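Engineer: Generate a structure from the sequence data that follows.
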Amino acid sequence: MPADDGHSVTWTLSPSEIAQTRRTELTEKKKASMWTTPSRILVKVEDPESRDRKLDQTCARLRREATDCGILVTRIEHTTFEVALSADVPFGLTRELDLL
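Structural biologist: Prediction:
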């Protein structure tokens, strides 16, 4: 919904709208076994043991790159996760977002 202060328009999305937007963005990338940019890594896992190991390794890798933000781990599907540096997460923290 737009909020108008007379000079500019700001869009405010509900949490469900944010999740749906994020899900749409990430669904396009889910077919790759691992998609990487400097601040985002898409991880596909086979089982709970490999999930924990791969997510721990990926978070450790991004933690070394983080200078002023935290890490957001997003579950897109049961076997697909995105691990990303996020300005919405305070430095030194890791947060989880489940889109299922």
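Engineer: In the protein, what residue spans correspond to helices?
Structural biologist: For the chain, applying DSSP state H gives helices covering 15-27, 48-65.
Engineer: Pick out the shakiest of those helices, pLDDT-wise.
Structural biologist: Note on these: lowest mean pLDDT is at helix 15-27, with a mean of 63.
Engineer: Only alpha carbons, please: show stretch 77-86 as CSV.
Structural biologist: Output of stretch 77-86 as CSV, limited to C-alpha atoms (Å, rounded to 0.1, in the frame of the first residue of the first chain):
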residue,chain,number,x,y,z
GLU,A,77,12.0,-25.5,-0.6
HIS,A,78,12.7,-28.5,1.6
THR,A,79,16.0,-29.1,-0.2
THR,A,80,16.9,-25.6,-1.4
PHE,A,81,18.2,-22.7,0.7
GLU,A,82,19.7,-19.3,0.0
VAL,A,83,22.4,-17.9,2.3
ALA,A,84,23.0,-14.2,1.8
LEU,A,85,24.5,-11.2,3.4
SER,A,86,21.6,-8.9,4.5
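Engineer: how about it: buried residues?
Structural biologist: Using 16 or more other Cβ atoms under 10 Å as the test for burial, stretch 77-86 gives 80, 81, 82, 83, 84, 85, 86. In this view, the C-beta of every residue, glycine as well, is placed from N, C-alpha and C.
Engineer: What sits closest to the second one if chain neighbours are left out?
Structural biologist: This means residue 81. Leaving aside its chain neighbours, residue 81 sits nearest to residue 43 (4.8 Å; criterion: Cβ to Cβ, 6 or more residues apart in numbering).
Engineer: Great, nothing more from me.
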